[in-house]
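*Asks:* Provide a 3D model corresponding to the input given below.
(chains A and B)
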Amino acid sequence: MNFWNDPLKVAAVWLEGIFTGWGMDAVLAHVLVVFLGVFLLITILMVLDIFLVWIERKVVARFQDRIGPNRLGPYGLMQPFADIIKLIIKEDTTPDGADKVVYNLAPILSMMSVLILWAIVPLAPVMLGVDLNVGVLFLIAAGAIGTLSIIMAGWSSNNKFAMIGGFRQVAVMVAFEVPMLTMLMIPTMFAGSMDMNVIIQSQNIWYFILSPLGALIFLIAAIAELGRAPFDLAEGESELVAGFNIEYSGMKFGMFYAGELLHAFTFGGFWAILFFGGYRFLGLEQVSPFLAILILVIKAMIGYWVIMWVKYTMMRIRIDQMLGFNWKFLTPLSFALLLMTALMNTLLRGADVWLYITGMFLSNVVVGWIALEIARAAAGKERKRIEGPKKAVEAHH
Amino acid sequence: MTGEQIIFLIVALSTLGSALMVVTTRNLIHAALWLVSTLFAVAVIYTLLNAGFLAVVQVVVYIGAIAILFIFAVMLTRKDLRDSGPQMNPNWWLGALLAGMVFAGLAFLLQGWNGLSKTAADLPSGFDAVSLLGDKLTSPNAYVLPFEVASVLLLAALVGAVYIAFNKK
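*Replies:* I've put the predicted structure just below:
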């Protein structure tokens, strides 16, 4: 056991040795070391979060044919620090009639619901917070706390815009939890476990290849869960000014903003873990845990980039379109896909690997194609219903 | 006292404290948020009992769905979120008496039980409670019938909700 093969374990043993050397109780030393590990992880994530602001601003600038921040520091890298200083020295306002405790608790809960997700992220084969055997469900449970934080922010601000924004966001999150949970069952089914590390270890073939449609639906549900375009109707600048966080200023707003960015990056990471093999890439993860972390971060960044790509090229949809899309299209489709995947997985279990891969892939294509045909027929009917009378009026003139 | 016992005492006290706040606070939204805190503390107790699956399901179902539904119902139906009526009904003494008697009865029954001073044995390594639970729920020799009956009941409730909300033209 040396530092390059298992850095966390070596560091923990070393630190515990120092603490017990000072005459500390062994159990207390262990608790302290674990606490320090959590503190270190959160610190790294928050520092990463600062640079995510820069990445987000640069990427949106490129999508909109601009350069983005480029004045402060090389490539504008110091810009987020200037932003932070600005946020910190801003006046900290609390609106009249706000429910102070709930109002101040909401941004903290929002950030917490994102950070807590990293407890189950396997950074490398030997580096992970907890090896939870219900990791997949934990993802949804953390989302529940996020939902709660948004409804708390919306209600406690004593502002009608915030309230409407909060309601909308919760409607989106509760609705898209259903297809997301259904799609989380697909990697669970392939791996035979809800443990994130086991899911990664069993991906000799990326689950994206076995279930491309599942990966796509998971991405859509994740974008909705994040409240990003095209599902950003909770913010809806043209109608609601800023939505649920309208009354927040300074660093409290910063918590929501930073939480959203880190959440997007985190979901990019979970997309990579569940469907793209996580830290695994051509056996490189066996060389060093540091290489494994690098692979995971690169894959998570690619996922994050896809989420940004969708955000900055799509327009916002209305709430009735969102609800119709989820409950009438995405939810039945995800149920059908889950049934189809379970059936094919059982039928092809003993078959040749290539037959298995082809069968799974083709079954996904068939389900997706049938769903699109049904959607097209329904859309055609709807169009006829709306445009029909209009044409008659025109013919009359 | 071991660390686990200290954690249990803290969690149990916060469960009881938040449960008390649920019934005593005047603001209905605050009551719902205290309820969330109670449910979360119960989830922590499940974790202390090595029932990770139940703990996560507790958070997903009770906080993620039921508590949010409570908050929605309160926000959408009440104009004034403060409850102004009396907090007790005339039968409060009967309820207190019953609760006291149940507590006394349980305390009496548990007096002779030696499980209180025991510590739980460690689970054998490789013990997978989740797959065991899954097997039991879907095995014909175990609980597949109650499981299916419960799901049919929930489906009937769903259909009923849709029927009531359905706008007949």
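*Asks:* ok, the residue of the stretch 1-150 of chain A found nearest chain B - contacts?
*Replies:* Closest to chain B within the stretch 1-150 of chain A is residue A:144: 2.8 Å, counting by C-beta to the nearest C-beta. The C-beta positions use only the backbone N, C-alpha and C, and glycine is treated the same way. Counting by C-beta atoms under 8 Å, 6 or more residues apart in numbering or on different chains, residue A:144 makes contact with B:59, B:60, B:63, B:64, B:65, B:68.
*Asks:* which stretches of chain B have low pLDDT?
*Replies:* B:1, B:79-83, B:116, B:126, B:169 (pLDDT under 70).
*Asks:* rewinding a little: and chain A, which of the contacts of residue A:144 reach it?
*Replies:* Applying C-beta under 8 Å from any C-beta of the partner chain to these, one finds that B:59, B:60, B:63, B:64, B:65, B:68 fall near chain A.
*Asks:* contacting residues around the first one?
*Replies:* Same thing as residue B:59. Contacts of residue B:59 (C-beta under 8 Å, 6+ apart): A:141, A:144, A:145, B:39, B:40, B:43.
*Asks:* circling back: would you format the ones next to chain A among the contacts of residue A:144 as a markdown table with distance to residue B:30 included?
*Replies:* Compiled in a markdown table, these are given as follows (distance: C-beta to C-beta, whole Å):
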| residue | distance to residue B:30 |
| --- | --- |
| B:59 | 20 |
| B:60 | 23 |
| B:63 | 16 |
| B:64 | 20 |
| B:65 | 20 |
| B:68 | 15 |
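*Asks:* how about the strands of chain A, start to end?
*Replies:* With strands called from DSSP state E, chain A shows them at A:122-124, A:127-128.
*Asks:* Quick one: closest of those to residue A:341.
*Replies:* strand A:122-124 (23.5 Å; C-beta to C-beta).
*Asks:* Enumerate the residues of chain B near chain A.
*Replies:* Counting by C-beta under 8 Å from any C-beta, the residues of chain B near chain A are B:3, B:27, B:29-30, B:33, B:36, B:52-53, B:56-57, B:59-60, B:63-65, B:67-68, B:71-72, B:75, B:128-130.
*Asks:* hmm, back to that, from the contacts of residue B:59, which land in helices?
*Replies:* Those of these mapping onto helices are A:141, A:144, A:145, B:39, B:40, B:43, per DSSP state H.
*Asks:* check contacts around residue A:12.
*Replies:* A:33, A:34, A:37.
*Asks:* try 7 Å this time
*Replies:* A:33, A:37 (C-beta atoms under 7 Å, 6 or more residues apart in numbering or on different chains).
*Asks:* What distance do you get for it to residue A:38?
*Replies:* 12 Å (C-beta to C-beta, to the nearest Å).
*Asks:* Residue A:137 now?
*Replies:* 21 Å.
*Asks:* Compare these two (neighbour count), which wins?
*Replies:* Counted by other C-beta atoms under 10 Å in any protein chain shown, residue A:137 and residue A:38 do not tie: residue A:137 has more neighbours, with 22 against 13.
*Asks:* For the more buried one, give me the pLDDT.
*Replies:* Here the pLDDT value assigned to residue A:137 is 86.
*Asks:* from what I can see it touches residue B:64, true?
*Replies:* No: with contact defined as C-beta atoms under 7 Å, residue A:137 does not count as touching residue B:64 (10.5 Å).
*Asks:* So what's the residue count around the closest residue to chain A within chain B?
*Replies:* Nearest residue of chain B to chain A: residue B:64, at 2.8 Å (C-beta to the nearest C-beta). By other C-beta under 10 Å, 24 other residues sit near residue B:64.
*Asks:* Likewise for residue A:99?
*Replies:* For residue A:99, the neighbour count with other C-beta under 10 Å is 20.
*Asks:* Give me the distance between the closest residue to it other than its chain neighbours and residue A:190.
*Replies:* Leaving aside its sequence neighbours, residue A:99 sits nearest to residue A:156 (C-beta to C-beta, 6 or more residues apart in numbering or on different chains; 4.1 Å). Distance from residue A:156 to residue A:190, counting by C-beta to C-beta: 43 Å.
*Asks:* Have a look at those two and say which one is more surrounded.
*Replies:* Comparing residue A:156 with residue A:190 by other C-beta under 10 Å, the one with more neighbours is residue A:156, at 26 against 20.
*Asks:* List only buried entries from the contacts of residue B:59.
*Replies:* Using 16 or more other C-beta atoms under 10 Å in any protein chain shown as the burial test, the contacts of residue B:59 include A:141, A:144, A:145, B:39, B:40, B:43 as buried.
*Asks:* isn't the third one right up against residue A:115?
*Replies:* What that stands for is residue A:145. No: with contacts counted by C-beta under 7 Å, residue A:145 stays clear of residue A:115, the gap being 10.7 Å.
*Asks:* Could you pull out the residues contacting both of these two?
*Replies:* In contact with both residue A:145 and residue A:115: no residue, using C-beta under 7 Å, 6+ apart.
*Asks:* ok, the residue nearest the centre of chain A - contacts?
*Replies:* Chain A has residue A:267 as the residue nearest its centroid, 2.5 Å off, counting by C-alpha atoms, centre = their mean. Residues counted as contacts of residue A:267 (C-beta under 7 Å, 6+ apart) are A:222, A:226, A:307.
*Asks:* Can you report how many residues neighbour the second one?
*Replies:* Here the number of neighbours of residue A:226 (other C-beta under 10 Å) works out to 24.
*Asks:* Which residue ranges of chain B form helices?
*Replies:* With DSSP H as the criterion, chain B has helices at B:3-24, B:28-48, B:52-57, B:68-77, B:92-111, B:129-138, B:144-165.
*Asks:* Please disregard the earlier target; I meant the stretch 51-200 of chain A.
*Replies:* Under the criterion DSSP state H, counting those that start in this stretch, the stretch 51-200 of chain A contains helices at A:79-89, A:100-115, A:135-156, A:160-191, A:196-201.
*Asks:* Alright, calling it a day.
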